[in-house]
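>>> take this sequence and fold it.
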Amino acid sequence: MRFMRTAMAILILWVLACSDPHVDIIKLHAKNPTTFVFPKTLEEVETAIAEAFADFSYREMFIEILSNHRGARLYNYHMPISLSPVYRVGGKELPYLAEFLLQIEPSPKGVATRVSVIASQTKVIAGKTSGFLNPHGPANIYVSVDSTSIEEYEILQILGGRLGVLLPPSVTPSSKEFDIYDYIHKH
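Okay, here's the model as predicted:
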């Protein structure tokens, strides 16, 4: 009987240690754009990307210029890039992980270039395991999540700043709704 109680207690602890915590999602009132057409040539945009994200300048991420000269990849070997204002546990912002693909496409006449930012491998660290049954001790609990559009738009804003193109403020959980057309006409 004592063995059964001990076994049951160990089973309950193991189930609790292995369960994913509930991640709360703070909805944005609108998604941020993840694509923007810059009134610049392909060469100007390529140079701006290389300069803007060199030397780990964006959240300590590496940049890899794609061999087809149609974009770049930002990555950092599975390290958090920020605390997410969107994903939380117990009211606390969670460490957010993502990689980004920047795709560039020139317009037919070459006077403008479309940049799309695509997030992949988006996850949050929602806590740690107890380490009770893990010989290596506690480990992070990774939960796959949807991209927020906040970081993608931030990359477009950084690129816009490098190219001399002002983009409207980003939408975050704390931002108020605004009319983008009204903003453009006032600025």
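
>>> now do Leu163, the pLDDT please.
The predicted local distance difference test score for Leu163 is 96.

>>> contacting residues around it?
Residues counted as contacts of Leu163 (C-beta atoms under 8 Å, 6 or more residues apart in numbering) are Phe38, Lys40, Glu44, Val45, Ala48. Heads up, the C-betas are built off the backbone N, CA and C, glycines and all.

>>> now, of the residues you listed, which are buried?
Judged by neighbour count, with 16 or more other C-beta atoms under 10 Å as the criterion, the buried members of those are Phe38, Lys40, Val45, Ala48.

>>> among the residues you listed, which are in strands?
For the buried ones among the contacts of Leu163, the ones inside strands are Phe38, with DSSP state E as the criterion.

>>> out of the buried ones among the contacts of Leu163, what pair is the most spread apart?
Maximum pairwise distance in the buried ones among the contacts of Leu163, criterion C-beta to C-beta, is 8.4 Å, between Phe38 and Ala48.

>>> pull up the gap between the closest residue to Ala72 other than its chain neighbours and Glu60, please.
In space, and not counting its chain neighbours, Ala72 is closest to Leu102: 4.7 Å by C-beta to C-beta, 6 or more residues apart in numbering. If you measure Leu102 against Glu60 using C-beta to C-beta, to the nearest Å, the figure is 17 Å.

>>> same deal with Lys40?
Between Lys40 and Glu60 the computed distance is 27 Å (C-beta to C-beta).

>>> contacting residues around stretch 89-100?
Outside stretch 89-100, the residues that touch it by C-beta under 8 Å, 6+ apart are 21-24, 61, 73-76, 78-85, 87-88, 117-127, 142, 145, 147-148, 151-152, 155.

>>> also stretch 24-42?
When contacts are taken as C-beta under 8 Å, 6+ apart, the neighbours of stretch 24-42 outside the stretch itself are 45, 48, 85-89, 91, 104, 106-107, 110-119, 145, 148-150, 152-153, 156, 159-160, 163, 165, 167, 170-173, 175, 177.

>>> rounded mean pLDDT for it, please.
Across stretch 24-42, pLDDT averages out at 94.

>>> and for stretch 93-107?
Across stretch 93-107, the per-residue pLDDT values average to 94.
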